[in-house]
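Novice: my questions concern the predicted model and sequence given below.
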Amino acid sequence: MSRRTAPAPPSGDTPARPLRADAERNRRRIIAAAQQVFAIRGLDVTLDDIAHHAGVGVGTIYRRFTNREELIEAIFEEEIQRVIDVAEEALTHEDPWDGLVHFFTRSSQDFADNRGLREVLMVGTHGKGRVADARERLSPAISAVMERAQQHGSLRNDIEVTDFPLVQIMLGAATQLTGSVAPDLWQRYLILILDGLRTSRQAPTLLPHRALSQEEFDRTAP
């Protein structure tokens, strides 16, 4: 009697085999290290830099990710989705201006804390797949927050969605220049910008951070 051979596995969408426990630990370590390095130094770091920070060989990264762009995709799709979530939260505020301030403040904090996130959104030279799709979802979310405040009459009608990334680039420049001296100084300039975006106010908004002293300013020189 001939032996029956086991049927061949079906072709197509075969479920991926789960990673071994040690391989999964390495993957998580790589992701965590990349998040930290990208947040502090931006996207112009090498896989060697990330491997060193993770305490693994660069070959270990290449076994999990084909290249740096694939690692960027794995990290920043979720980061951008969080910014979209903040925009959607802003739409739940009863007062549209309060919603806009909520969005600008929360997203600006995220960008101040994460240089890589700021670069992947504002520069747009990295992330051509899932990250690009997430960027496209973000624009209408920001538009909805702005249009609601404009219809309410509290946001200037000549403000466009493309003003938002430029505002963040300005705040990002302040963050990079003064981060070692006054890491929260960007909050001062965000309030100045928001006061300029509002159609009317009874008095200037109290600034949340003092100006730099001359000595502090001199220490920011590149």
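Specialist: Perfect, thanks for sending it.
Novice: just give the closest residue to residue 114, not the sequence neighbours.
Specialist: The shortest distance from residue 114 to any non-neighbouring residue, by C-beta to C-beta, 6 or more residues apart in numbering, is to residue 39 (4.3 Å). Backbone N, C-alpha and C define where each C-beta goes, glycine included.
Novice: I figured the one you found hits residue 110, correct?
Specialist: No - between residue 39 and residue 110 there is no contact under C-beta atoms under 8 Å: 10.0 Å.
Novice: and for the two, which residues touch both?
Specialist: Shared contacts of residue 39 and residue 110, defined by C-beta atoms under 8 Å, 6 or more residues apart in numbering, comprise residue 117.
Novice: rewinding a little: now the residue nearest to residue 114: which helix or strand?
Specialist: helix 21-41 (DSSP states H and E).
Novice: show me what the helix or strand following that helix is packed against.
Specialist: In the C-terminal direction, the helix or strand that comes right after helix 21-41 (DSSP H and E) is helix 47-54. Here helix 47-54 is seen to pack against helix 21-41, helix 58-64, helix 68-90 when contacts are counted using 3 or more C-beta pairs under 8 Å, 6 or more residues apart in numbering; DSSP states H and E.
Novice: go again using 7 Å as the cut-off
Specialist: helix 21-41, helix 58-64 (3 or more C-beta pairs under 7 Å, 6 or more residues apart in numbering; DSSP states H and E).
Novice: what does the shortest one rub up against?
Specialist: Just to be clear, that refers to helix 58-64. 26-27, 30, 47-48, 50-51 (C-beta atoms under 7 Å, 6 or more residues apart in numbering).
Novice: buried among the residues you listed? Need that as a selection in ChimeraX.
Specialist: Provided next is the ChimeraX selection string for whichever of the contacts of helix 58-64 are buried by 16 or more other C-beta atoms under 10 Å:
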select :26,27,30,47,50,51
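Novice: what's the farthest-apart pair in the contacts of helix 58-64?
Specialist: Pairwise distances across the contacts of helix 58-64 peak at 17.7 Å for 27 and 48 (criterion: C-beta to C-beta).
Novice: so the residue nearest to residue 114 touches residue 118, yeah?
Specialist: No - applying C-beta atoms under 7 Å, one finds residue 39 not in contact with residue 118, separated by 9.6 Å.
Novice: go through stretch 85-101 and flag the buried ones.
Specialist: Going by 16+ other C-beta under 10 Å, stretch 85-101 has these buried residues: 86-87, 90, 93, 96-97, 99-101.
Novice: now those residues in TSV, with pLDDT and distance to residue 159?
Specialist: Compiled in TSV, those are given as follows (pLDDT from 0 to 100; distance: C-beta to C-beta, whole Å):
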residue	pLDDT	distance to residue 159
86	96	18
87	96	15
90	97	15
93	97	18
96	98	13
97	97	12
99	97	15
100	98	10
101	97	14
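Novice: residue 94 and residue 87: what is the separation?
Specialist: Using C-beta to C-beta, to the nearest Å, residue 94 is found at 16 Å from residue 87.
Novice: which residues does residue 71 contact?
Specialist: Counted by C-beta under 7 Å, 6+ apart, residue 71 has contacts 34, 65.
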